[in-house]
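Asks: Pasting the sequence and the predicted coordinates here, then a few questions.
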Amino acid sequence: MGNHTITPKATFTIKDVGGGLNGSNFIGPGLTATYKLRSGRLAASAAISDRTVVIPISQSKVPLCKGAPSDIAKFRDVVLTCDYKLPKKGPIPNGVTLNSKLNVGLQHATLGLTYDGMIKGKGVTLKGYYTNSNNKFAGESTVMLNLQNKLNATFSQDALQTGKWTFMQGRTTVEPSYNFTRKAPAISLTRKIRQDALKATYDVKSEGLALEWQHNLVKLNVATKIGRDSKFVSILKPTVGVTLEKAFSV
C-alpha cells in the first residue's frame, strides 16, 4: 500500500517590525500543503500553495483574493516530483536514484540522477540534474570525511557556486561556507538543547544576521543587518518569521 503523508505548512512573515505594523509589513503567500507517497523503490510528491486556486470576485461574495477567472488554470505553485531508486543491474551500482521534478505553472522541468554510497571508504552523495528553465546542467556533491566532518559543494556547468564545511562536535555544529557567485563568505552555528535547536547565521558581504529557534513543529526566524556599514535604526527593524509545519500519516 505504501506510506502516505500530508504536510501542511504555514509561514507568517513581518518585515521592519520596529517601524510599526501595517498591511505592507506582511509578506506572503504563507500556506502550502505537500502530499508524499513512498512505495517500494518509488517516492512521489505533489505540493500546492494558497496561490494555486484564485477565486474571482464575480464568483465569490467574499473572495480570498482578487484575480481573473483564467487565474484558476495557471496552477501557481503546483510542484510534482517523482524519484525512482534503480535496482542494481549490470553497470548500475547500488544507491542510484532517478529524480524528476515539474513546476506545472511555470512549465519548468528538472531531470537528474543521485548516487548515495561509498567511494574509497567515504560516504558520498553525488547529484546531477538538467533543467529546461535555463537549459543547463548543475550538480551537488557531499563527502563525509568522518563522523564529525562533512564537505559540500554545488556547481553549474559554468562554474563552482558554493562550498561548505560542516563540523559536528556533540550538540554543536559549525558551518563555514563561501558563495563563489556572490564572492561572499558566511558562517553558521547550531546548538541543540534538549528538544530545541538554536541557529545563528552571518553573511559577511551583506552583513545579514539570522537567528533561528526551532521547537518541534514551530520555527522562529529573526533576520537583520548588523555590521560597520549598518545603521543602528535598521538593526531595530528586523524581519520576523514564524513557520508551523507537521507531517500527518494518512
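Replies: Arrived safely, thanks for sending.

Asks: low pLDDT regions in this structure?
Replies: Under the criterion of pLDDT under 70, the regions of the chain flagged as low confidence span 1, 18-26, 28-29, 54-73, 228-236.

Asks: For residue 201, give its distance to residue 11.
Replies: Per CB to CB, to the nearest Å, residue 201 is found 18 Å from residue 11. (Glycine included, C-beta is placed from N, CA and C.)

Asks: Find the residue closest to residue 15 in space, skipping its chain neighbours.
Replies: Nearest non-adjacent residue to residue 15, counting by CB to CB, 6 or more residues apart in numbering: residue 239, 4.4 Å away.

Asks: Could you do residue 128 as well?
Replies: Spatial nearest neighbour of residue 128, chain neighbours left out: residue 139 (4.2 Å); criterion: CB to CB, 6+ apart.

Asks: what's the neighbour count on that neighbour?
Replies: Other residues lying near residue 139 total 18 when counted by other CB atoms under 10 Å.

Asks: Need the contact partners of the helix or strand containing it.
Replies: Taking DSSP states H and E as the definition, one finds residue 139 inside strand 136-144. Residues external to strand 136-144 that are found in contact with it (CB atoms under 8 Å, 6 or more residues apart in numbering): 112, 122-131, 150-158, 161.

Asks: ok, now with 6 Å
Replies: For strand 136-144, contacts defined as CB atoms under 6 Å, 6 or more residues apart in numbering pick out 122-128, 130, 150-157.

Asks: Need the phi and psi values for residue 223.
Replies: The main-chain torsion angles of residue 223 are listed as degrees, to the nearest 10 and equal phi -130, psi 140.

Asks: gap between it and residue 152?
Replies: With distances defined as CB to CB, the gap from residue 223 to residue 152 amounts to 23 Å.

Asks: same question, residue 37
Replies: In this structure, residue 37 and residue 152 are 28 Å apart, going by CB to CB.

Asks: Would you work out how far apart the start and end of stretch 39-53 are?
Replies: Across stretch 39-53, the straight-line distance between its terminal residues is 29 Å, by CA to CA, to the nearest Å.

Asks: quick one: contacts of that stretch?
Replies: 2, 29, 31-37, 72, 76-85.

Asks: Among those residues, which lie within strands?
Replies: Using DSSP state E, 31-37, 79-85 are the members of the contacts of stretch 39-53 that sit in strands.

Asks: can you put those residues in a markdown table and add distance to residue 191 and neighbour count?
Replies: What follows is the ones in strands among the contacts of stretch 39-53, written out as a markdown table (distance: CB to CB, whole Å; neighbours: other CB atoms under 10 Å):
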| residue | distance to residue 191 | neighbour count |
| --- | --- | --- |
| 31 | 30 | 16 |
| 32 | 28 | 19 |
| 33 | 31 | 15 |
| 34 | 29 | 18 |
| 35 | 34 | 14 |
| 36 | 30 | 18 |
| 37 | 35 | 16 |
| 79 | 33 | 19 |
| 80 | 37 | 14 |
| 81 | 32 | 16 |
| 82 | 37 | 15 |
| 83 | 32 | 17 |
| 84 | 38 | 15 |
| 85 | 35 | 16 |
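
Asks: who's in contact with residue 192?
Replies: residue 171.
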